[in-house]
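*Asks:* just a sequence and a predicted model for now, questions to come.
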Amino acid sequence: MAARAEFLERIRREVAKTPGLFGASTAPRPSDPAAGAEAIRRELAERWPEALERFRQEFERVAGVFHRVRDLDAVPDAIADIARERGIRSLVTWDPAVLGFDAAAALSGRGLSVIAARAGEEHEVGRRRHRADAAAAQLGVTGADLVLAETGTLILLSGAGRPRSTSLLPDVHVAVFGRDRLLENLEQVGVMLEALHVDPDRAMSGAMINFITGPSRTADIELTLTRGVHGPKEVHAIFVEAA
Amino acid sequence: MSEELLRTPFPERAGAALQDAFLQEALTIATTKFIDLRKEAFAGFPAGEALRDRARAIKEATLQHLDVHLERLADNVERLGGTVHWAATGEEAREIVLRLCRDRGVRMAVKSKSMATEEIDLNEALEHAGVTPVETDLGEYIIQLAHEKPSHIIAPAIHKTKGQVAELFSRELRGQFPADPEVLTGVARKALREKFLQADMGITGANFAVADTGTVVLVTNEGNGRMVTSLPRIHVALMGIEKVIPSMSDLVVFLAILARSATGQKLSSYTTLVRGPRRAGELEGPEEFHLILLDNGRARQIASTLREALYCLRCGACLNVCPVYRQIGGHAYGYTYPGPIGILLTAMLKGNRSVRELAHASSLCGACKDVCPVRIDIPRMLIELREHLDREKIAPWTERVVFRAFRRLLLSPTAFRLSARAGRLLQRPFVRQGRLRGLPLLFGRWTRTRDLPPVAARTFRERWKELR
Amino acid sequence: MAAPVRAALMITCLGDMFFPEVGVAMVRLLRGLGVEVDFPEGQTCCGMPLFNSGYHHDAALIAARTVKLFERAEHVVVPSGSCAWMVKTEYPGLLKHDPALRAAAESLARRTRELSQFLVEVLGVSRVDSKFEGKVTYHDSCHLLRGLGESTAPRALLRGVPGVELVELPGADQCCGFGGSFSVRLPEVSSAILDKKLANVEATGARCLVACDAGCLMQMGGGLTRRGSAVKAVHLAQVLAGEVSR
C-alpha cells in the first residue's frame, strides 16, 4: 500500500503545481445510459435498413463477406455453403442457446464436424477440450452483440457459452446477427458501452469485449497488406431478416 | 538503446542512415504510403477536426486530475479481481514482472506489441532471468529474430525490405522462404500459433485504460493482442500513467481518430476491451490479470514545458511526415522512441542532456503538429527544449558564444552594416559565377552541397537611398 | 479620394544582405499599387535564428528593439513568412514580462503581414499586370503555410499574372530542408531533404520556382545552381513586379 500511496502522492504534488494548459473538459456522459440506450434502439428500429446498407458497404470495404438470409432456419445451410466452398470440415460455434440456432444439430451427418461451446463446462477438463477443439477448427460461428455500420465492425461480448477464441483461432469467422444489433455510429457505441457498464456483472458474463473490423491483417513488411496474420483470414457476416 | 550506438555522434549516425540504400528505399515507400493513407482517411471525415480538438481537451482535462483517475482505475481493476502494481521506475516495473514469473513458474511469455516494454528493456531482463519472451506482432517478431530494436512506433520492422525479411526467416527458422510478404506472414502465423497456445503469460501494453470501469483497451490489427490476453493463464499489462481516460464516452472519441491517424483505417481490425481476469462463466481467459502502472519520468512532466507530450497516443503519424525521420529512419535517433515525439519522450524519460543533439534534429517545419491527432505542439516544445539546453549550459559553450556575438551584431545597426562590408571583402576568393562555393569553417557545411548567394554588392539599405 | 495606404518594409536580415533585389521589387510593386513605402533604417533582423536555437533572452532583446522601430508604422510588410510568423506569433510571448512592451508587440503583430497576405487582405489585389511568360511552380514555406495558415494568396496572385502558367508542385507542402541553423547543424540531412524537393521541382518542367521566404530561396536556389539546373528560384515579389529576366 505504501507504494500506491507514495506513487499517487507524487502525482498529486505535480498536478497541484499547475492549473494546466487550458480550460478543458472530458467527454459529456449520458445522465441515464439505460434510457440513452433505449432511445438509440428505438431510433434504429426505424433506421435499420439504412444502417444495414451502410454496414454492408463498410464491411465489404474491409474485406468482409456479407450474406443475407430470410430466417434463422436458413443460417446453418448458409454456413455449410461457406464451409464447403473452402473445403472446410471442422467448425466450432457458440452455445446454440446464445446463437438462437443449433448448427451442430442441423448440419450433423453432412460430413461436417460441428462442436458447440456449452455454458457450464468451465472446469479444467472442459477448458482443455474446448481449447483443443477451437485450435483444430477451421471455421468459427458466433453471434454479434452490436453491429456498427459506420466502420463495418462486429462487437462481441465474451462470456458463458460465447468463448473468445471462436472468432479468433479458426481461419474463417462467421457472425450471425439480426436488425436489433445495428448501430450507426461510434457515438452510439459509446452510449451502449456506458449502459453495459452501469451494472456490468449483470449485463455481461465475460471480461472481454472485442470490436472486430474485418479479418486479421498486417502491413509490417514493406507496408504490403496481408490478411490472416494470427487471427482469421476471412470474416463473414450473415444478416437474418426475420431475427 | 545500445550504448555503443550512442557513443557515435548523432550527425554520424544520421550520415550512415543516409548512405544505406536499402533503408532509404524502405523509408520512402513506407512513409509515403502512411501519409497517403492518413490523408485519405481524414479527407473523407469532416467530423475529424472537431474530434481532434475534443481528444486534446480530454487528455488535458484528464491530466488536471490524473491522480484521481488513476486511483479510480486501480480501485475498479481490483474490484474485478485484477492486481494493480505501482512502478515508479522502469527497474521497478521489470522487477514486478520478474517476480511474477518466478512466483508463478512462468517459462515462456508471449508479447503483444508494447513500446512501454521496449522503453524498460523488459525482454533482456526476462531472458536473463531464464524466461523466454516471444514477440508475436509480426514486425516485433522480425526484429526480435534480427536482434534489433523497433525503428518506428507502430511498424517496428519498416526499415527492412521484404528481401531482408526473407533472408532473415530463412536463416533463423531454417527454411527457404521467398521475398513474398504473404508467404512470410504465413510462416510467422504458423511459428507463433504454437507459442500462443503454450505460453504461461501474455504481456501487453495498453492504448487506454478506462478509469470508470477498470477496462484496459488494446488497439491492434493482427490478432495477437487477443491471443495473448485470452490464451495464457496470466495477463500482464504495462501502462504509462498518461494512458488513463475517465470513461467509455471518452474512449470512443479516441477510437474515432486513432487508427485513422496511424494507418488510415477507420478502426483497426481489433479493439479489445479487457475487464480483469476471466469471469466465472468463461471457458477461456487468464486466471490472473495484472496492471502495472508505470511512471518512469512521466509525472515530472505534468508541471513542465513537456506536459503536452503526455497527450501522445503513440500513433506514429508525426514520424511519417517528419522530413528528418523520413531521411534517417528510427534507429539513428538512438533511443526507444524516434521521430518528433520521440525527441520529447526521450527528454522526458532520460533528461535534457540526452537530447542535446536530438533537440536540433528538426527543421521546425511543423508537419508533425499538423497531423498529430491530439494537436501536440511539438515544434514549440523542441524550441523550449533548446532553451533549456542553453539555460542549463548543456549546449556547447562554443555555440553559446557564437549566438551571443550574433545577438550583439543584431542589436547594433552599425555593426550589422559593417558585417556586410566585411562579408563582401572576405568572400571575394570564393565567388564563382556569381555564387559562393568552397567556403571554409562552418560555412563549408553549406557549400559542400549547395551554392550560397554572395553578400550583395549593395545591400537593400544601401539601395534605399535612391529608392526613397 | 481615400488616403493612400502606408506600409513600412521589414526587409529581413537575409533580404537585406543577400536578396536586395527582392526588396527593390517589393518597393516597385507596392508603389505601383499606390502604397506609400517607408523603410525604418535601424532594422536588422527579427531574431528568429536566436529564438529557434533556444536563446530566448537574446531574442527578446531584439524583439524589444524591433517593436520600437516599427511602432509608428500603419502596416508592416515582410517578404518572408518565417519573419512575419516570428513577429506575429512569438513576439508577444517573448515580451510578456514587460506589460508596455507586450502591448506594443501585440499591436505590431496585428499590423504585420507577409507580402502576399498584405496584397490580398489589405489591398484586395487579385490581378497584377506583370511581364512574365511561362510555367512556374510554387513552394509552400513551412512558416507561411503552417504558421500563418496561408497557401491560397500566393497561388491566387501567381495565377492572376497573365502569362503565368502555375503548375502544382508535388509535395509543395514538404519542407525544403532549410530550417535555419538546421541547414548547417545537420547539413547532410538538410541536403538529402533538399534533393527530394528539387527532384519534384524539376519534374514540373517549370522555368521558375517561386517562394515567399528568403531562407527557402537560399536553400533551394543554392541547390538548383549547384546541380546546374535551368530552373530559377525567385521570390513572389520579383514575379509580380515583372523583374524576372529570361
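*Replies:* Thanks, I have it.

*Asks:* if you skip the residues just before and after it, what's nearest to the residue sitting nearest the centre point of chain B?
*Replies:* Centroid-nearest residue in chain B, with CA atoms, centre = their mean: B:Tyr337, separated by 3.7 Å. The shortest distance from B:Tyr337 to any non-neighbouring residue, by CB to CB, 6 or more residues apart in numbering or on different chains, is to B:Leu345 (4.3 Å). To be clear about C-beta, it is placed using only N, CA and C from the backbone, and glycine gets the same treatment.

*Asks:* check which helix or strand the one you found maps to.
*Replies:* helix B:339-350 (DSSP states H and E).

*Asks:* pull the number of nearby residues for B:Ala146.
*Replies:* Counted with other CB atoms under 10 Å in any protein chain shown, the neighbours of B:Ala146 add up to 16.

*Asks:* do I have it right that it meets B:Glu167?
*Replies:* No. Applying CB atoms under 8 Å as the test, B:Ala146 and B:Glu167 come out as separate, 9.9 Å apart.

*Asks:* just the helices from the stretch 151-300 of chain B, written as ranges.
*Replies:* All helices of the stretch 151-300 of chain B, identified by DSSP state H, counting those that start in this stretch, fall at B:162-172, B:181-198, B:224-228, B:248-262.

*Asks:* same question, chain A
*Replies:* Remark: helices assigned in chain A by DSSP state H are A:2-16, A:33-61, A:75-85, A:96-99, A:103-107, A:124-136, A:186-196, A:200-203.

*Asks:* out of these, which one sits most buried?
*Replies:* Most buried of these, by mean neighbour count (mean count of other CB atoms under 10 Å in any protein chain shown): helix A:186-196, with a mean of 22.

*Asks:* contact partners of that helix?
*Replies:* The contact list for helix A:186-196 (CB atoms under 8 Å, 6 or more residues apart in numbering or on different chains) reads A:27, A:29-30, A:33-34, A:36-37, A:40, A:146, A:148, A:150-151, A:155, A:157, A:183, A:203-204, A:209, B:247-249, B:251-253, B:255-256.

*Asks:* and that helix, how far out from the chain middle?
*Replies:* Between the centre of helix A:186-196 and the centre of its host chain there is 14 Å, according to CA atoms, centre = their mean, to the nearest Å.

*Asks:* just the C-alpha atoms of that helix, please, in PDB.
*Replies:* Presented in PDB, the C-alpha positions along helix A:186-196 are these (Å, rounded to 0.1, in the frame of the first residue of the first chain):
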ATOM      1  CA  LEU A 186     -19.300   5.300 -32.800                       C
ATOM      2  CA  GLU A 187     -21.000   7.800 -30.600                       C
ATOM      3  CA  GLN A 188     -23.900   5.400 -30.100                       C
ATOM      4  CA  VAL A 189     -21.400   2.700 -29.300                       C
ATOM      5  CA  GLY A 190     -20.200   4.900 -26.500                       C
ATOM      6  CA  VAL A 191     -23.700   5.200 -25.100                       C
ATOM      7  CA  MET A 192     -24.100   1.400 -25.300                       C
ATOM      8  CA  LEU A 193     -20.800   0.800 -23.500                       C
ATOM      9  CA  GLU A 194     -21.900   3.200 -20.800                       C
ATOM     10  CA  ALA A 195     -25.200   1.400 -20.400                       C
ATOM     11  CA  LEU A 196     -23.500  -2.000 -20.300                       C
END
